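In: Need coordinates for the below:
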Amino acid sequence: IAPLPTAALRRLYDTSNYGRLQLNNGLALVPQMGWNSWNFFACNINDTLIRETADALVSTGLAALGYNYVNIDDCWSYVKRGNKGQLLPDPKTFPSGIKSLADYVHGKGLKLGIYSDAGVSTCQVRPGSLHHENDDAALFASW
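Out: Numbers count the residues shown, from 1 in each chain. Below is the predicted model:
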């Protein structure tokens, strides 16, 4: 395979055309910004930590700057699905459930993100969404 000429490389990596196909609908004007539980806490998360993080995003002014996502990564769910195949929050770490937590986060003007996996299980061997995609998406939306 012949190497690409320099001009072709420049065109390939030319960022001046980024956004040319962007929709002019007012959405995604800035990147999604926020906080994710995994980077520092991994599986050591709970309801109190997520609420305190939401409080901190607001009180430090980060939410006003656009940091409006509170993303709960792996380990929020119980290790097995419920009797009807539904995801369940871990009762030890999220005793009030995710709906209550989501209401709290939304009440702060923030958005809640929640982790799942496209496979049978998450990286930490909690239930994944494979074959449950529609039900899980409906559950997340209900929160």
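In: okay, CA-based contacts and neighbour counts for the rest of this
Out: OK.
In: quick one: buried residues of the lowest-mean-pLDDT helix or strand in the chain?
Out: None of the helices or strands of the chain scores lower by mean pLDDT, DSSP states H and E than helix 6-12, at a mean of 74. The neighbour-count check on helix 6-12 (16 or more other CA atoms under 10 Å) flags nothing as buried.
In: swap in stretch 65-81?
Out: Quick answer for stretch 65-81 (16+ other CA under 10 Å): 67-80.
In: cool, stretch 29-41 as well?
Out: G34, W35, N36, S37, W38.
In: Ok, stretch 109-120 next?
Out: In stretch 109-120, counting by 16+ other CA under 10 Å, buried: L110, K111, L112, G113, I114, Y115, S116.
In: Now do the helix or strand containing V58: which elements does it pack against?
Out: Using DSSP states H and E, V58 sits within helix 47-59. Contacts defined by 3 or more CA pairs under 8 Å, 6 or more residues apart in numbering; DSSP states H and E place helix 47-59 against strand 67-72, helix 97-107.
In: for the residue nearest to the spatial centre of the chain, what are its contacts?
Out: With distances taken as CA atoms, centre = their mean, G113 lies nearest the centre of the chain, 3.5 Å away. Residues near G113 by CA atoms under 8 Å, 6 or more residues apart in numbering: Y69, V70, N71, I72.
In: hang on, the earlier thing: right, so of the helices and strands packed on helix 47-59, which gets closest to V58?
Out: strand 67-72 (8.7 Å; CA to CA).
In: and the angle for that closest one with helix 47-59?
Out: 170 degrees (axes from the mean of the first three to the mean of the last three CA atoms, to 10 degrees).
In: Give me the angle between strand 67-72 and helix 97-107.
Out: Using the same axes, to 10 degrees: strand 67-72 against helix 97-107 is 170 degrees.
In: Within the sheet, what are the partner strands of strand 67-72, with directions?
Out: strand 33-36 (parallel), strand 111-114 (parallel) (DSSP bridges).
In: Dump the helices and strands packed on helix 47-59 into TSV; add mean pLDDT and distance to E133 as well.
Out: Shown next, in TSV, are those (pLDDT from 0 to 100; distance: least, CA to CA, whole Å):
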stretch	mean pLDDT	distance to E133
strand 67-72	97	18
helix 97-107	98	18
